[in-house]
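1. Coordinates for the following, if possible.
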Amino acid sequence: MAPGACQTPGRHFLGSTVVSHPAASSPKPPGPPVLRTRRLSELHPLLYTLAVWTKRTVRHLEGYLGDEHWCSQYDATPLPFRAKRHSSRLLKQLGRSEMWLQHNKVRNLAIAIPRLTDVLLLPGETFSFCRLVGRPTRRKGYVEGMELSRGQVRPGVGGGLCQLSNMIHWLALHSPLTVVERSNHSFDPFPDQNRSIPFGTGAAIFYNYIDLRLRNDTPLTFQFRFWLTDQELWGELRSNAELEHTYSVFERNHRFEQHGTDWYRHNEIWRRIMLRRGGATLREEFIKENRARVLYTPPRPNEPEHPSSTS
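-> Below you'll find the predicted structure:
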């Protein structure tokens, strides 16, 4: 998934929601892609609008009636220990996409970052990307950025915020935080360009029912911090005490497969947990198996374009 491209719901080809990972289960044997049938919401624009309104209303009611303790406190003073830092390039020429979408994405990120940076995640609290950022609208200053919709890349208000949710999910994978909700991007639109993290570790966002949610099941307090430079989006996860473990997230069994005239990209995401002092490996956890349709011609077998591991 390209950085900054966001998912439009109700129009997936393939996609799923992952709940409460990481887990130490084993991956299932790969099988052929599941054939997709058209939803009722795709038969007419009004049905789609009604479906979105219904899902958003249900989500609001769940949030109001539920017993989650949502994080809402901020502290501009950085917590003393850094669990993980990461950066991603802001501007890339992605296939034939227009660069103005990339520049607009940067504007959207600049609006959303103050809603997320310095937020504290206290013990027992849940982080929700959508609750903190809110609905991206023109009134708030959001502009059209890159969005994935109906198997295509197209403009959409607030497009590009997924570069921020992708980063948050990547930071969380390098911590003891529990990912309670995270959705895949439904297809892979562009070939890799100097990819630094494994394929399939992003997090799709669409207000408010395609969300990224993290729960702090530890006695520690965590803090997210984000900032922009001329060329990169930076983020870090900090804590009020040093973590006992370090984490390395990597992929296995990466491949492209052809089914009829379509190509699909597969891999498995794993995580290695090690002692911070001494570096001894404690265990490896299976996180997720990814299978997504690609919209480009895959590279030749002797031309790998993906990392096997990153810490």
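
2. Tell me what the closest residue to residue 177 other than its chain neighbours is bridged to.
-> Sequence neighbours aside, residue 214 is the residue nearest to residue 177 in space, at 4.8 Å (criterion: CB to CB, 6 or more residues apart in numbering). Using the backbone N, CA and C atoms, a C-beta is placed for each residue, glycine as well. Taking DSSP bridges as the rule, residue 214 bridges to residue 127, residue 179.

3. ok now do residue 214, which residues does it touch?
-> Listed by CB atoms under 8 Å, 6 or more residues apart in numbering, the contact set of residue 214 reads 121, 126-127, 168, 172, 177-180.

4. what's the answer for residue 227, then?
-> So residue 227 contacts 113, 117, 234-235 (CB under 8 Å, 6+ apart).

5. And the closest residue to residue 262 other than its chain neighbours, what's its pLDDT?
-> In this structure, residue 262 finds its nearest non-sequential neighbour in residue 293, 5.7 Å apart by CB to CB, 6+ apart. Per-residue pLDDT puts residue 293 at 91.

6. Residue 293 bridge partners, please.
-> For residue 293, the beta-bridge partners are residue 187, residue 264 (DSSP bridges).

7. ok, how many other residues are close to it?
-> 18 (other CB atoms under 10 Å).

8. how far away is it from residue 160?
-> 22 Å (CB to CB, to the nearest Å).

9. distance between stretch 160-175 and the chain's centre?
-> 5 Å (CA atoms, centre = their mean, to the nearest Å).

10. so for it, what's the average pLDDT?
-> 97.

11. Lowest mean pLDDT among the helices and strands, pick that one out for the chain.
-> strand 17-18 (a mean of 44; mean pLDDT, DSSP states H and E).

12. Please give the element, helix or strand, for residue 250.
-> Assigned by DSSP states H and E, residue 250 belongs to strand 245-259.

13. what about the strands in the stretch 151-300 of the chain?
-> Using DSSP state E, counting those that start in this stretch, the strands of the stretch 151-300 of the chain run over 152-157, 178-183, 187-188, 213-215, 222-228, 232-239, 245-259, 262-275, 281-294.

14. Now render those strands as CSV, adding distance to residue 55.
-> Shown next, in CSV, are the strands of the stretch 151-300 of the chain (distance: least, CB to CB, whole Å):
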stretch, distance to residue 55
strand 152-157, 17
strand 178-183, 13
strand 187-188, 21
strand 213-215, 16
strand 222-228, 26
strand 232-239, 28
strand 245-259, 30
strand 262-275, 27
strand 281-294, 22
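
15. which one of those strands lies closest to residue 82?
-> strand 232-239 (5.3 Å; CB to CB).

16. Quick check: which helices or strands does that closest one pack against?
-> strand 81-89, helix 162-173, strand 222-228 (3 or more CB pairs under 8 Å, 6 or more residues apart in numbering; DSSP states H and E).

17. Flag every buried residue along the strand holding residue 250.
-> If you call a residue buried by 16 or more other CB atoms under 10 Å, then strand 245-259 has these buried ones: 246-251, 254.

18. swap in stretch 105-122?
-> 105-106, 108-109, 111-113, 116-122.

19. Low-confidence stretches in the stretch 1-150 of the chain?
-> 1-44, 94-97, 149-150 (pLDDT under 70).

20. All the strands of it, in order from the start?
-> Using DSSP E, counting those that start in this stretch, the strands of the stretch 1-150 of the chain run over 6-7, 17-18, 81-89, 120-121, 126-128, 144-149.
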